[in-house]
Every structure is written in structure tokens, then in C-alpha cells.
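> Below is the structure, and that's it, no one-letter string:
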């Protein structure tokens, strides 16, 4: 369907330590991509670079729909960070109003419909919500935007196993056709069924980038099993 995100020769160094080392990736439209790797592999750093929250080392380039990152990319990339960022003093309804005012592509009706689906009360204060409830709310806010790329950093980490499938189905049924999703997670067995492509990162390098089906066929194993084999301690 064509290229959505191009990453060329991307490196990132902190305190003389290379966190990402010459990463090259091409994300196409209409795909669900699993960004997979152990803790500290560089996944969150890569995600922050794509969201223009960090600056790459010299020579690295990220193009979103053929353009350098900036105001345009921020308008069309919807990002769920790993850590909760919500103001604990606000009610859910206040947060929805804030997102509606801040993002022109935020669908308030969809947000309230998803609140109902995920059994969240719009009158509750963030401070009274469990970690899992807050993560559900953050997911609702992200998926209620009419974006071209959704980036979800560990979207299932704070919810119980029974809720994970429900949340995955929520993700699948609430991003627009032709958009792509990057999901960074260590819960590979939970998300494997929805993945079109996988990217394995180890020590800042891309070690595998493949169609999920092609990789399973080639290795005669599940993505979860391949990951465990690749990153065996």
C-alpha cells in the first residue's frame, strides 16, 4: 500500500553509549507491526525518536509520508507512552474535553462509546482509578484520534490477562483503514494473532524485520517461540 514511515541510518547515543545503532526500517500503510525486544534493547528510544521527542545522532533520517518530522507528523501520529501522563486531579470527562480541544482529529463520540465498552465511568477522577483503568483510558484517548499511525508502547502491561484480548479487539476495531499500528511489547503470545509484521531489536540493532506469516513459515515456529530462541539468556 506504500510507505508510511521511513527510517534511515538512525542512531542515538546517550553519555557515549550507543542505544540505537544504524537502524533502517520501512513501515508500510495498513499494517500492524510488533516491535519486539528485551528491556533495554532500544524500543522506547526508537518510539520517542519517531514521535520527535528526541533528536537522532547526525546522519539519521526519519520521514513520515515523505516529510521530515514536525507539526505535520504530530498531527497524524497518535502515541500511547509506556508511563501514565494524565493529570491525577482531572475527571475522565475533563481529559476527553482537553483532547477534543487539543487535537482536531479527536472523535469525542468514539471516546465515550469506548468508555462504555471498557466499563469506565466518565465522572471518576484519575486519582481514583487503578493503573489498569488508567491504561485503558489512555488507550481510548489514543484510539479515538483519526490518525495515520498509532504507536502503542506496552499497551497491555497493566491489565489482567482476561482483559488483554478485549483490549486487542478494541485496538483492531478502532483504527481507520489504511492506517498502521506499531505495538511495542514483551507480551508476544498475547498479541501474536493480530500482527502482520515483526521487528526484533537487540542491543540497539534490528536483527529481524519480516512478515509475521513468512517468519513463522520459514522457522516453523510461533513468533513467541522464535523470540525466546533468538533472545535466550
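Received, thanks. Predicted model, so just to flag it, every value in this text is computed and none were measured. Residues are numbered from 1 along each chain as shown.
> Now do the helices in this protein.
Listed in chain order, the helices of the chain (DSSP state H) span residues 43-50, 71-76, 92-102, 108-117, 131-143, 161-172, 188-191, 212-219, 223-230.
> mind giving me a markdown table with those helices and columns for mean pLDDT, mean neighbour count and distance to residue 32?
For glycine as for every other residue, the C-beta is placed from the backbone atoms N, C-alpha and C. Below are the helices of the chain laid out as a markdown table (pLDDT from 0 to 100; neighbours: other C-beta atoms under 10 Å; distance: least, C-beta to C-beta, whole Å):
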| stretch | mean pLDDT | mean neighbour count | distance to residue 32 |
| --- | --- | --- | --- |
| helix 43-50 | 94 | 22 | 15 |
| helix 71-76 | 92 | 15 | 17 |
| helix 92-102 | 95 | 16 | 23 |
| helix 108-117 | 94 | 16 | 18 |
| helix 131-143 | 89 | 21 | 13 |
| helix 161-172 | 81 | 15 | 8 |
| helix 188-191 | 87 | 17 | 9 |
| helix 212-219 | 95 | 14 | 9 |
| helix 223-230 | 91 | 17 | 12 |
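> can you redo the ones you listed as CSV with distance to residue 178?
As requested, the helices of the chain are exported to CSV (distance: least, C-beta to C-beta, whole Å):
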stretch, distance to residue 178
helix 43-50, 18
helix 71-76, 12
helix 92-102, 22
helix 108-117, 17
helix 131-143, 15
helix 161-172, 14
helix 188-191, 21
helix 212-219, 19
helix 223-230, 24
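> Can you give me the neighbour number for residue 36?
Applying other C-beta atoms under 10 Å, we find 28 residues neighbouring residue 36.
> re earlier: identify whichever of the helices of the chain lies nearest to residue 125.
Closest approach to residue 125 among the helices of the chain is made by helix 92-102 (8.0 Å; C-beta to C-beta).
> ok, residues contacting the closest one?
By C-beta atoms under 8 Å, 6 or more residues apart in numbering, the residues outside helix 92-102 that reach it are 86-87, 90, 106, 108, 111-112, 115, 120-124, 126, 137, 141, 144-145.
> so how far is residue 43 from the most centrally placed residue in the chain?
The residue lying closest to the centre of the chain (C-alpha atoms, centre = their mean) is residue 152, at 2.0 Å. From residue 152 across to residue 43, the span is 11 Å (C-beta to C-beta, to the nearest Å).
> Same question for residue 94.
Residue 94 sits 31 Å away from residue 43, going by C-beta to C-beta.
> can you check residue 102 too?
With distances taken as C-beta to C-beta, residue 102 is found 26 Å from residue 43.
> repeat for residue 15
Residue 15 sits 19 Å away from residue 43, going by C-beta to C-beta.
> Ok, residue 127 next?
Separation of residue 127 from residue 43 (C-beta to C-beta) stands at 29 Å.
> now swap in residue 51 and tell me
Per C-beta to C-beta, residue 51 is found 13 Å from residue 43.
> How about residue 63?
20 Å.
> Identify the residues contacting residue 197.
The neighbours of residue 197, taking C-beta under 8 Å, 6+ apart as the test, are 31-34, 209-212.
> cool, residue 126 as well?
Contacts here follow C-beta under 8 Å, 6+ apart; on that basis residue 126 touches 86-92, 95, 134, 137.
> Show the contacting residues for residue 22.
Each residue near residue 22 by C-beta under 8 Å, 6+ apart is listed here: 9-11, 205.
> Cool, thanks, signing off.
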